[in-house]
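Asks: here is a sequence together with a model predicted from it:
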Amino acid sequence: MKIVSLCGLLGYGYSEEALEVAFSEHVDYVGVDAGSTDPGPYYLGSGKSFTDRNAVKRDLSLALPKALEHKAPFIIGSAGGAGAKAHTDWLLDIIREIAKEKNLSFKMGVIYSDVDKEYVLEKLNSGKIINMSESFPLTEKMVSDSERIVSQIGVAPIIKLLEQKVDVIVSGRACDTAIYAAPCVFNGYKEGLAFHMAKIMECGAMCAEPVAAADVMQSYMYDDYFELRPASPKRKCSAERTAAHTMYEQTNPYMIYEPDGEINIKDAKFEQIDERTVRISGATFTPAKEKTLKLEGVKKVGYRTICVGGIFDPLTIKNFDYIEKTVKDFVASAVTCGSEDYTLNFRKYGGAESNFCVVIDAVGKTQDIADTVCSLARSRTLHCDYVGRKSSAGNVAFPFSPSDVHVGEVYEFSVFHLAKVDNLEETVKVAIEEV
Amino acid sequence: MKLIELTKILRSKNAGPLYITFDLMFDSREKMQTALCSLNKSVVAKAYNVDENSVEIIPYEIVNSIKITFPRKNVSGSLFDDDVYGCQQHMPLANIEI
């Protein structure tokens, strides 16, 4: 069975030539991961994608007709980046647009994995929440302050849709591995191999040399092993690089934790079978004693305004700690809001004699407060006096006019916890449509 | 000698928004063992000003590597975080004397 991974992230791009190579032989499934928490909490909070619409459309437009031609179900996980309903609908809109333009028709399964606050509160109050980190325990307030909460689905909802013979699956927030492991588990391949393969494939050709998250990867499943070979003839898979990639972004190099169970790769073997292909075997799967779903939520903490400035005078740089303190005290005395209504942070880069960058970072309860704090801090930093100052016309070189920039809404993670569940599909809503 | 001089790859990255993880790769088992002799929870905790008990150091022999993981001091993207992806946090580790 052959599975193709378009790239490490939908919208990051891949080479058209590599796609042609991948589809020059029969393909059984195509997958692509469309999301991540790496870009931070803003995207889940705002409902916006961190990838560009045109780039996402390009990546889908090339691959979708080929997947349909090969009758290879096309599985997209964590739609729109953060994978909430807003993001999933954004991606569905792009797919419908492509179908219309290219005159394609297909059966599409959609998985929503949003959860409401009541669901999480009920889990919390019945002792079914597990903290991922001791320093980040869940409280009722964190749940009730949340703007949006999603659950990372596992393979089960995808398998259900494969049973219903859909051509395209668009899932909201999903475990990265679910995209590639689901078709293998569905076809009866060993779970240990399925998840190990999926863990490497979800990054596209990132395990290849030259490394590229933005290129096509191929896997071939067999009963007791799987093989990986990048589609682009310019790239190769080495046993060493593939083994190294297994531990990428994992807390433990030997264990991969999934809602369905644990994958132990301690006895995995990585064999080079030709210059560009690696054969991997040995990963084992233990079903979870207690099934869990990972929940991700964010809360709004304010609005941000920033100002970027350069300082080239060594004496000003030397006195910057003094300037920073003076400015913070001045802002505190000059604002009409309370001290709890804003934060003012000087982000300093460089420190070399004459090459220093400062980003004045003001976050306020409202955009108006952030603007005022940034403006006061900027003007005071510009003209702050210090002992021995010669450059008395100004301390900061502003590269832009206007100097102050609205960054907008600011979010923080409020939920990143495991919930014990009876049923791994309990947070899922599924819809099927004929496109 | 600084740790970075002994490594082929020395990288940091989020392992989810709550954890930071470091991959140290060496081109021989000997170099990996040398690094392991001078690396312990206390040294890492001191370099990053974190609680020693929260640091995990796991050798990954298949590829002559060491993985180090501990909780982030600031959750990714929170008000005072300065590295959302966590991919530029490796220098205190790189500069550890071995």
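Replies: Nice, thanks for sending it over.
Asks: could you use CA atoms for every contact and neighbour count after this?
Replies: OK.
Asks: quick check: closest non-adjacent residue to the most far-flung residue of chain B relative to its centre.
Replies: Largest separation from the mean C-alpha position in chain B: B:Leu79, at 23.5 Å (Cα atoms, centre = their mean). Leaving aside its sequence neighbours, B:Leu79 sits nearest to A:Glu412 (Cα to Cα, 6 or more residues apart in numbering or on different chains; 7.5 Å).
Asks: my read: the one you found touches A:Pro39, true?
Replies: No - using Cα atoms under 8 Å as the test, A:Glu412 is too far from A:Pro39 to be in contact (11.8 Å).
Asks: the more surrounded of these two?
Replies: More crowded of A:Glu412 and A:Pro39, by other Cα atoms under 10 Å in any protein chain shown: A:Glu412, with 22 against 17.
Asks: which stretches of chain A form helices?
Replies: Taking DSSP state H as the test, the helices found in chain A are A:16-22, A:42-46, A:53-69, A:85-102, A:117-125, A:140-144, A:156-163, A:178-186, A:191-201, A:239-246, A:314-318, A:320-334, A:367-383.
Asks: show me what the fourth one is in contact with.
Replies: With Cα atoms under 8 Å, 6 or more residues apart in numbering or on different chains as the contact definition, helix A:85-102 has outside contacts at A:47-49, A:53, A:57, A:60-61, A:78-81, A:104-105, A:112-114, A:170-172, A:435.
Asks: close to chain A, is the helix or strand hosting B:Glu30?
Replies: Assessed by DSSP states H and E, B:Glu30 sits inside helix B:29-38. No - remark: helix B:29-38 sits outside contact range of chain A, by Cα under 8 Å from any Cα of the partner chain, the gap being at least 13.4 Å.
Asks: which regions of the stretch 251-400 of chain A lie under the pLDDT threshold?
Replies: Counting by pLDDT under 70, the stretch 251-400 of chain A has no low-confidence residues at all.
Asks: for chain B, give me its nearest residue in it.
Replies: A:Thr251 (6.0 Å; Cα to the nearest Cα).
Asks: next, give phi and psi for that residue.
Replies: phi -80, psi -30 (degrees, to the nearest 10).
Asks: do I have it right that it meets B:Thr21?
Replies: Yes - proximity of A:Thr251 to B:Thr21 meets the contact threshold set by Cα under 8 Å, at 6.3 Å.
Asks: which residues touch stretch A:319-326?
Replies: In contact with stretch A:319-326 (Cα under 8 Å, 6+ apart) are residues A:346, A:381, A:384-386.
Asks: select only the buried ones of these in ChimeraX?
Replies: Selection of the buried residues among these in ChimeraX, burial being defined by 16 or more other Cα atoms under 10 Å in any protein chain shown:
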select /A:346,381,384,385
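Asks: tell me the residues of the stretch 201-350 of chain A that contact chain B?
Replies: A:240, A:243-244, A:248-254, A:345.
Asks: repeat the analysis, applying 10 Å as the threshold.
Replies: With Cα under 10 Å from any Cα of the partner chain as the criterion, the stretch 201-350 of chain A comes near chain B at residues A:239-245, A:247-254, A:266-270, A:296, A:301-302, A:304, A:343-347.
Asks: filter these down to just the buried residues.
Replies: A:239-245, A:247-254, A:268-270, A:296, A:301-302, A:304, A:343-346.
Asks: got a pLDDT number for whatever residue of chain A ends up closest to chain B?
Replies: The minimum distance from chain A to chain B, using Cα to the nearest Cα, falls at A:Glu249 (4.7 Å). Predicted confidence (pLDDT) for A:Glu249: 77.
Asks: and for A:Val150, the neighbour number?
Replies: 27.
Asks: nothing else from me, thank you.
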